[in-house]
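Enquirer: Below are the sequence and a predicted model; questions follow.
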Amino acid sequence: MGMDFSSLRTLISRYCAGEENCVDTRTVYIGHKEPPPGAEAFIQQRFPDNRIVSSKYTFWNFIPKNMFEQFRRVANFYFLIIFLVQLIIDTPTSPVTSGLPLFFVIIVTAIKQGYEDWLRHKADKAVNQCLVQVVQHGKLSRKHSRKLTVGDVVYVKEDESFPCDLILLSSSRDDGTCYVTTASLDGESSHKTYHAVQDTKAYKTEEEVNCIHATIDCEQPQPDLYKFRGNINIYMGNEPVSRSLASQNLLLRGATLKNTEYIYGVAIYTGMETKMALNYQSKSQKRSAVEKSMNAYLVVYLCILISKAVINTALKYVWQADPNRDEPWYNEKTESERQRHVLIRAFTDFLAFMVLFNYIIPVSMYVTVEMQKFLGSYFIMWDDEMFDEELGERAVVNTSDLNEELGQVEYVFTDKTGTLTENNMEFIECCVDGNVYVPHIICNGQVMPGAAGIDMIDTSPGPEAREREELFFRALCLCHTVQVKEEETVDGIKHGIHQGKSSSFYISSSPDEVALVEGMKRLGFTYLRLKEGQMEILNREDEIERFELLEVLTFDSVRRRMSVIVRSSTGELYLFCKGADSSIFPRVVSGKVEQIKARVERNAVEGLRTLCVAYRRLSPEQYEQVCHLLTRAKLEFQDQDKLVAEAYDLIERDLILLGATAVEDRLQEKAADTIESLHKAGMKVWVLTGDKMETAAATCYASKLFRRSTQILELTTKRTEEQSLHDVLFELSRTVLRHYGSMTCDASSGLSSEYIDYGLIIDGATLSAVMRPSQEDSNSGNYKEIFLEICRNCSAVLCCRMAPLQKAQIVKMIKSSKEHPITLAVGDGANDVSMILEAHVGIGIMGKEGRQAVRNSDYAIPKFKHLKKMLLVHGHYYYIRISELVQYFFYKNVCFIFPQFLYQFFCGFSQQPLYDTAYLTLYNISFTSLPILLYSLMEQHINIDILKKEPTLYRDIAKNSLLTWPIFIYWTVLGVYDAIVMFFGVYFLFDNTTFTSNGQMFGNWTFGTLVFTVLVFTVTFKLVLDTHYWTWINHFVIWGSLVFFVVFSLLWGGIIWPFLNYQRMYYVFMQMLSSGPAWLSIILLITASLLPDVVKKVFWRALWPTNTERIQSADKLYKGQLSEFTPLAALHPPPRTGDHQRGSGTQRNPRRSETPNKKIMFTRWQRAPDYRTFTPLLRFTDGSRHPRPGNAYNGAGPETSV
Amino acid sequence: MGKTKDKSGPLARRPDNSAFKQQRLPAWSPVLTANTVLPFFYLLAVISMLLGVWLLLLVQSTQEIKLDYTDLGNCNECFDLRRNVSNAAQTCSCRVEFSIDKTFKGDVFFYYGLKNFHQNLRRYMDSRDDGQTVGWIKKLKNPSTYCEPFAKDEDGVPIAPCGAVANSMFNDSFTLTYHSSSGRRVPVPLLRKGLTWYTDKNVKFRNPRTDNLTLAQVFEGTRQPLYWQRPVYSLDPHDPNNNGFINEDLIVWMREAAFPNFKKLYGILNRADANFEKGLPRGNYSIDISYNFPVQHFLPIAYLVTSSLILLMAVVLTVAWWKFGKDGKNMKE
């Protein structure tokens, strides 16, 4: 299918292209001026106006469209059908009984959606009405933003955001640049530089701009924020000039102008064609496990419903075989009824029974669940403990559909950089030709060779070395895309930086770069600014050195390096290149490679992020060549990226290695504690990172993912080079399984403390080999299975050198393994987006790497440590709450409908409803709905603090344990039991007892009302028994809803309702209450209904308490002070069969004795408690936000395994 | 878009630190343990026991006699006659004799009962027009379609009261006679009032407003239900105020019974009469009424059963608690 579609699409696009080139380019006439005759035919293309429409509905189509959307949901459709059936055939209950709840549900949902859409309309309107300044006839005039059209020349002032996608024509700055922050687009708060078109940058007033006579040819809009190709043709001199345009000329809608007084730009994409608008995307719907079980239960109940209807229909016709019963003398049929065919009658009877029992499928359950999720998610947003003061951010809920899934997580996939670590880089040291420099040992501006440098070869740098050292420092000062944030006047900058005052600071999208430049400052070389193409550096002697910046070979994640070409004041040309060791070393021709390599490895083991710096001196001819290569590549319209990459590859070679730097990325606060808690809660934590193995492993040890006692299994390129993948896999699985087998023996002989936990390290290249679908030999298909088997027995897995897509692949693989575990992915960067989208629950960290992850996540939290509360507290609560909600809903509807089913046996299967219409209608939407909704918002079976303190409690609810079939059956049986008690209790009472002292009798409506009263009270008291957290709100709602029922019944029976054609309920409730036996029986039946559940609860708690129940009892004993006591571990139950820790091999005693470790990877532990990390990844400004490297395939690089 | 919003400090987005929002409202957390439940169970058992005993005593003091007169005495002739609906207009009377061994003390109620009469068939139940019986004049001659096929007769004359329920109204009448030991036959006075709920008699069932017209004139243009022998305005020949829709027998009948076997109040012994001041004396009676249900005392027995169940549970729980109570003690330590 996919193939067919894509081929169809290419066919269509080819066809279009052939016709009029409609898909490829658009021509924009700046200021709507026609090109000079002869240049080109003037074809005015049609473009949309600049109206942004994010709303889904308009005023007119809201009702039909919203109704359509709502009735696409199966449940709503089902109730609609029931409603229609009621309208069409002669049914036992009035259409109101199902129409009103359905109407209620639809209206509530419509109001919610309408409100959301109204907010969007309002936002749209604010945006569309906002005034922008446009150059018209040489003058600035104001226009509503929505009236902007393609070709308008727009004037934007500082701190304003761009109203549409603009090509920068000129700016207030002389060099034609402007600074822009794209924070609202991708979350990068850094200032990016954009460049005006060379030929127009001199036009700085509206009159001058008005004179510009040019056209722009550019591609049709596409959603990629960082790609743009175009051409501008300027007809101002004699010759038309053509220049290429790239993304650095394109100012995107939504970005904000900074540090630039004003700019002029021409609109090229407007309205819904702007890149921002094209990036509005609706995410695929994720469904939670609870929802799946809910649907399963629904199917069961649907089957029950249908079988009930079928049974009753069949019985009806058996019973009616006697004509006296079919049509007794007192109940003659009408003529038309007699003539109806028996099959039609049977079918209508079947439908009527369906209608009668349809309430067993709770109509309001969906809306209650939706409201519970929607309202419940506010508690996550309101949580003060998940507020980060530093960032000023709190948790964000993007989808409330998955609240309870947070309580079901079995696998946690986490990114490393920015997630486990701070992504707050600090320059630690640099190494030039083996000499180590550590900034904090600087004394009086004198650099001291690092005293700790064990590997130092040359301790007394000679003049030559000194020269290389300075070159190294200069290289780092020049080879970057850091900007200086100007807070004061131009003079102040230099002053500020020089004095180390905070009046100005460096900004870059890559924290590594800032760390490096700041580190250089501390080592004596201060980068001042980029001015008119000149980079200014303040050297150790307080002299300003100027370098002309000729070319920037920007960073990308494939090359993993960047370069600059500069010309010094003496006219020498240099190419400085910095990048990951693996991408620099192969391109180095000389330099002290061995020493530097050793240092880099040492640093990597310590968890530092290392970078290598190299340079190359260019002769003017070589530079010419470089320029030629680059301009040719950049002028190319098609395949530009590829050509540029090739050009870069040619330029960045024959380098001379200068040295290496080490930057530290600190672990996030409480990361280790969080991981430990997740482990204890029975989750398996996997770290997926693009980093190299050593760095990542160090982080894993520091964050307690691996312990000293963890036996590390390696599945890396290095090993698979020695042995075949096949052998390695089988060996590992043997190791794991042998141990697993022996452990089960141990467990029986009581030696389970001997348990060893395994940690697995795998790299991207090996992973792709494992995942590769079987080609030549059939064996390879098993690799995945074996690999999964190994993973299942490892408590922690580290995947390093992962490409973003591989991250998603891993998540998908685990997700689809045979246990179908619930996965959670947490990450902060654009490279984590794919895995965040793939996992059951995606969590974004509001890190330094932009907002992409946050925008695509289901939940966003400021820091990794907040994951603990998110899962252990909120997830746990929501799971408990919603599972009770679901079970209770089915239970109360069984109680509700089963008596009605029983009644059919007494009323000749005539579909006579037991309850009055009002009761049928309101049972689910008002008498019993609020208490459970409130329960599902407020319930706390265990105190928050205890939940945080005791992660093992999370295991009590693992594997959807509260929504298993046995529990569901228990609830259903309880419901049936209650229904039988209620029905037959009242039945015998009616059969025998004279209700009143004056001898008067009660009719069937009193019977129904009596059953209903018992029902409402029983069902509410059942919730009372289950509620463990009684705030005043609970009291208010529970007792209030009972009072409401009584008041309603009094009112409903108290009046002759003029608009009804029956008055069957008149005074029924009051007459009932005036009878003593009725009171006695109500009390008796409620007691009898609740008794088994209470007894069951008490017995189970006394005999087989769960962890939760133990903690509850203990908490009770300590009167809520439990959280301040520590010896909770003592409360753990002895292992018993059929317990919640069933069968999993992950049950570990954290305080076990350390077992000898056969394969300790790292022998040098210098700063054991906080292991530092690094990533040999560079991220540079220029707005490139490419996903992180796909380097998994150059696996055989120079990285080492210790 | 416009200008980016000014944020008032980094803490602008800080959530409120209220107890509700932080889910830390003060709360009472009851736990259902043996300790809390057991005393309650015992108490409940005792209360139920007492209630049960009390109710049993109460029930014991009431007496009941039931007679199935379907084919008792000479009633079988009538029974055969009634088998055919078309004979509805013909009268038939019969006599049943019975005796009471023990004086019925206090209030005595006379019920009639029917077996296997499904007053709870859906179509039957719906076949009535409460608007008509509540006295809305508009509805009187224009009965609801729910009454079909008992809304209008073949000539299109509206029926009042319409519908299957009214149509099938129980119209046996009974006179109870006491054969005193002296051989004197004393008619037992039966009150035919107060058989219905006060609200039914006074609000739910009203005759259409008369405006100086007689009841018969009001009902002009309607006809009696097909099976009836008398029109609705002359149901009670003795008491003109008991005619029309407010006839008590009609109201009693119109309160449909919940089950196919049911009894309905027919009359109350008028204890104002000197002979029956203390109730119904023992002796021989003749009557064509009453109807047999097995005597069960559901409520007291139910209470006693529940009570013993609770007691049983409580005892078992106590045993279990003693035996496994060590868990609880462990927690205390």
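Expert: That came in fine, so what should we check first? Numbers count the residues shown, from 1 in each chain, chains lettered A, B, ... in the order given.
Enquirer: When you work out contacts or count neighbours from here on, use the C-alpha atoms and nothing else.
Expert: Fine.
Enquirer: Give the closest residue to the residue of the stretch 201-333 of chain B found nearest chain A in space, chain neighbours not counted.
Expert: At 3.7 Å from chain A, residue B:258 is the closest residue in the stretch 201-333 of chain B, using CA to the nearest CA. The shortest distance from residue B:258 to any non-neighbouring residue, by CA to CA, 6 or more residues apart in numbering or on different chains, is to residue A:1004 (3.7 Å).
Enquirer: what's the burial count for whichever residue of the stretch 51-200 of chain B sits closest to chain A?
Expert: Per CA to the nearest CA, residue B:122 is where the stretch 51-200 of chain B lies closest to chain A, at 4.5 Å. Number of residues near residue B:122 (other CA atoms under 10 Å in any protein chain shown) recorded here: 19.
Enquirer: circling back to that earlier point, my guess is the residue nearest to residue B:258 contacts residue B:120. True?
Expert: Yes. Taking CA atoms under 8 Å as the definition, residue A:1004 is a contact partner of residue B:120 at 7.4 Å.
Enquirer: in chain A, which residue is closest to the centre?
Expert: The centre of chain A sits closest to residue A:857, judged by CA atoms, centre = their mean, with a distance of 1.8 Å.
Enquirer: wouldn't that one be in contact with residue A:836 here?
Expert: Yes. With contact defined as CA under 8 Å, residue A:857 reaches residue A:836; the gap is 6.1 Å.
Enquirer: Find residues that contact each of the two.
Expert: Shared contacts of residue A:857 and residue A:836 (CA atoms under 8 Å, 6 or more residues apart in numbering or on different chains): A:842-844.
Enquirer: Can you name the next helix or strand after the helix or strand bottoming out on mean pLDDT in chain A?
Expert: Ranked by mean pLDDT, DSSP states H and E, the helix or strand of chain A with the weakest confidence is helix A:490-499, at a mean of 41. For helix A:490-499, the succeeding helix or strand toward the C-terminus, using DSSP states H and E, is strand A:505-507.
Enquirer: Which residues are in contact with residue A:166?
Expert: Per CA under 8 Å, 6+ apart, neighbours of residue A:166: A:250-253, A:265-269.
Enquirer: can you count the residues close to residue 214?
Expert: Just so you know, I chose chain A. Neighbours around residue A:214, by other CA under 10 Å: 23.
Enquirer: think we crossed wires, I meant chain B
Expert: Close neighbours of residue B:214, defined as other CA under 10 Å, add up to 11.
Enquirer: Just the pLDDT for it.
Expert: Model confidence at residue B:214, given as pLDDT, is 84.
Enquirer: Near chain B, which residues of the stretch 101-250 of chain A? Just list them.
Expert: When proximity is defined as CA under 8 Å from any CA of the partner chain, the stretch 101-250 of chain A approaches chain B at A:127, A:130, A:159-161, A:163.
Enquirer: For residue B:281, state which of the residues you listed is nearest.
Expert: Comparing those against residue B:281 with CA to CA places residue A:127 closest, at 94.7 Å.
Enquirer: what's the burial count for the closest one?
Expert: Count around residue A:127 with other CA under 10 Å applied: 20.
Enquirer: In this structure it contacts residue A:145, no?
Expert: Yes. Here residue A:127 reaches residue A:145: they are 7.1 Å apart, a contact under CA under 8 Å.
Enquirer: quick one: common contacting residues for the two?
Expert: Residues touching both residue A:127 and residue A:145 (CA under 8 Å, 6+ apart): none.
Enquirer: about what we covered before: quick check, nearest of the shared contacts of residue A:857 and residue A:836 to chain B?
Expert: residue A:844 (17.8 Å).
Enquirer: can you tell me which helix or strand that closest one belongs to?
Expert: In this structure, residue A:844 is located in strand A:841-845 according to DSSP H and E.
Enquirer: after that strand comes which helix or strand?
Expert: Using DSSP H and E, the helix or strand that follows strand A:841-845 in sequence is helix A:852-856.
Enquirer: Mind telling me what element residue A:426 is part of?
Expert: Secondary structure assigned from DSSP H and E places residue A:426 in strand A:421-432.
Enquirer: What mean pLDDT does that strand get?
Expert: The model assigns strand A:421-432 a mean pLDDT of 82.
Enquirer: Kindly report the same for stretch B:224-233.
Expert: Mean per-residue pLDDT for stretch B:224-233: 86.
Enquirer: I'd like to know how many residues surround the residue nearest to residue B:258.
Expert: There are 22 residues near residue A:1004, going by other CA under 10 Å.
Enquirer: Could you give the backbone dihedrals for it?
Expert: Dihedral pair for residue A:1004: phi -70, psi -30, per degrees, to the nearest 10.
Enquirer: mind listing what it touches?
Expert: Shown in contact with residue A:1004 (CA under 8 Å, 6+ apart): A:914, B:120, B:255-259.
Enquirer: Apply 7 Å and report the result again.
Expert: B:256-258 (CA atoms under 7 Å, 6 or more residues apart in numbering or on different chains).
Enquirer: Identify, from those, the entry nearest to residue A:1087.
Expert: Nearest member of the contacts of residue A:1004 to residue A:1087, counting by CA to CA, is residue B:258, at 24.1 Å.
Enquirer: Which secondary structure state is assigned to the closest one?
Expert: Recorded secondary structure, residue B:258: coil (DSSP: H, G, I helix; E, B strand; the rest coil).
Enquirer: quick one: pLDDT of it?
Expert: 90.
Enquirer: which residues sit in contact with it?
Expert: Listed by CA under 7 Å, 6+ apart, the contact set of residue B:258 reads A:1003-1004, A:1007, B:120.
Enquirer: Need the max-distance pair from those residues.
Expert: Farthest pair in these (CA to CA) is A:1007 and B:120. Separation: 11.5 Å.
Enquirer: These two: which is more packed in?
Expert: Legend: neighbour count by other CA under 10 Å for residue A:1007 and residue B:120, higher for residue B:120 (27 against 23).
Enquirer: Look up the closest residue to the more buried one, ignoring the ones flanking it.
Expert: With CA to CA, 6+ apart as the criterion, residue B:120 has its nearest non-adjacent residue at 5.3 Å, and that residue is residue A:907.
Enquirer: show me what contacts that neighbour?
Expert: Applying CA under 7 Å, 6+ apart, we find residue A:907 in contact with B:118, B:120-121, B:259.
Enquirer: So what's the predicted local confidence for it?
Expert: pLDDT, residue A:907: 90.
Enquirer: next one: the one 10 residues further on
Expert: According to the predicted model, the pLDDT of residue A:917 comes to 88.
Enquirer: wait, isn't it in contact with residue A:97?
Expert: Yes. Contact criterion CA atoms under 7 Å: residue A:917 and residue A:97 qualify, at 6.2 Å.
Enquirer: between these two, which one's more packed in?
Expert: Neighbour count, other CA under 10 Å: between residue A:917 and residue A:97, residue A:97 has more, with 22 against 18.
Enquirer: Not counting its neighbours along the chain, what's nearest that one?
Expert: Once flanking residues are discounted, residue A:97 sits nearest to residue A:921: 4.4 Å by CA to CA, 6+ apart.
Enquirer: what kind of secondary structure is the one you found in?
Expert: Going by three-state DSSP, the state assigned to residue A:921 is helix.
Enquirer: and the one residue in the stretch 151-300 of chain A that gets nearest to chain B, what pLDDT?
Expert: Relative to chain B, the nearest point of the stretch 151-300 of chain A is residue A:160 (5.4 Å; CA to the nearest CA). If you check residue A:160, the pLDDT there is 85.
Enquirer: what do you get for residue A:1176?
Expert: The confidence metric pLDDT takes the value 33 at residue A:1176.
Enquirer: Ok, residue A:666 next?
Expert: With respect to pLDDT, residue A:666 scores 80.
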